[in-house]
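Q: Sharing a sequence plus its predicted fold:
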Amino acid sequence: MKYFYGVLCVLGILLPYGVFIPWVAEHGLNVGLLVSEAAQTSIGAFAWLDVIVSAIVLLSFIVMEGTQQGIRKLWIPVLGTCTVGVSLGLPLFLLMREIHFEKQKL
């Protein structure tokens, strides 16, 4: 599972940023335009609200599960979630969790 989560981490960075970086190159870091375009359609607003709720749930899960299991460096998947999104934060936390469990078995 470690390799699967690792591949998902890479895809979780490349796919979103593959769209975001060209947009930033064209428009700059125009937050107003970004929010305006994201909420321009009902389906866009739906997708963004889904992502926001998912990110809040994921951050809660990282803190609660990570603390309960004694996983160290929880700030890394939290930072990944806040800078890239759920597409990085979730597989990164699951990878860290898998590694933590493997170390406990030794």
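A: Okay, I see it.
Q: May I see the buried residues of stretch 85-99?
A: Residues of stretch 85-99 classed as buried: 85-98 (neighbour count, 16 or more other C-beta atoms under 10 Å). Glycine gets a C-beta too; all of them are placed from N, C-alpha and C.
Q: can you give me the helices in the chain?
A: Assigned by DSSP state H, the helices in the chain fall at 2-27, 31-38, 42-69, 75-83, 86-105.
Q: Tell me which other helices or strands the shortest one touches.
A: Under the contact definition 3 or more C-beta pairs under 8 Å, 6 or more residues apart in numbering; DSSP states H and E, helix 31-38 sits against helix 2-27, helix 42-69.
Q: now that helix: how far from the chain's centre is it?
A: 20 Å (C-alpha atoms, centre = their mean, to the nearest Å).
Q: Just name the shakiest helix or strand of the protein by mean pLDDT.
A: helix 31-38 (a mean of 92; mean pLDDT, DSSP states H and E).
Q: tally of neighbours for residue 20?
A: As a burial measure, residue 20 scores 13 neighbours (other C-beta atoms under 10 Å).
Q: rewinding a little: of all the helices and strands packed on helix 31-38, which lies closest to residue 102?
A: For residue 102, the closest of these is helix 2-27, at 7.8 Å, according to C-beta to C-beta.
Q: so for the closest one, what's the average pLDDT?
A: Here helix 2-27 scores 97 as its mean pLDDT.
Q: any chance of the helices and strands packed on helix 31-38 in a markdown table, with distance to residue 33 too?
A: Below are the helices and strands packed on helix 31-38 laid out as a markdown table (distance: least, C-beta to C-beta, whole Å):
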| stretch | distance to residue 33 |
| --- | --- |
| helix 2-27 | 6 |
| helix 42-69 | 13 |
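Q: That'll do, ta.
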